[in-house]
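>>> the sequence isn't on hand, but the structure is:
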């Protein structure tokens, strides 16, 4: 199995639910995530299934990772989901 970082919530649909939504309060930002840790999702764009194992309020990776891995250039100021891929 592998863990994928995802930013685009509209590319996923929930298959099963887990815990409740997670709210982030961060200086001037208040972010509510659409999906929660423990939810099983199906990624619509990349066609894989997985479970959300962590959520970051905004992109927390390096500039190098973003350039290499985030080819669709998703927004950095939105929640990023860590998904254990099935």
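Perfect, I can see it now. Since the structure is predicted, the reported quantities are computational estimates derived from the model, not experimental observations. Numbering: from 1, shown residues only.
>>> surely residue 49 touches residue 83?
No - with contact defined as Cβ atoms under 8 Å, residue 49 does not count as touching residue 83 (9.1 Å). Every residue, glycine included, has its C-beta placed from N, CA and C.
>>> which neighbours do the two share?
Residues within reach of residue 49 and of residue 83 at once, by Cβ atoms under 8 Å, 6 or more residues apart in numbering, are 41, 43.
>>> neighbour count winner among those two?
For the pair residue 49 and residue 83, the greater number of neighbours falls to residue 83 (24 against 13), based on other Cβ atoms under 10 Å.
>>> list phi and psi for the more buried one.
Main-chain torsions, residue 83, degrees, to the nearest 10: phi -120, psi 130.
>>> how about residue 68?
Residue 68 adopts backbone torsions of phi -80, psi -40, taken as degrees, to the nearest 10.
>>> check what pLDDT it gets.
On pLDDT, residue 68 comes in at 91.
>>> residue 63 now?
In this model, residue 63 carries a pLDDT of 93.
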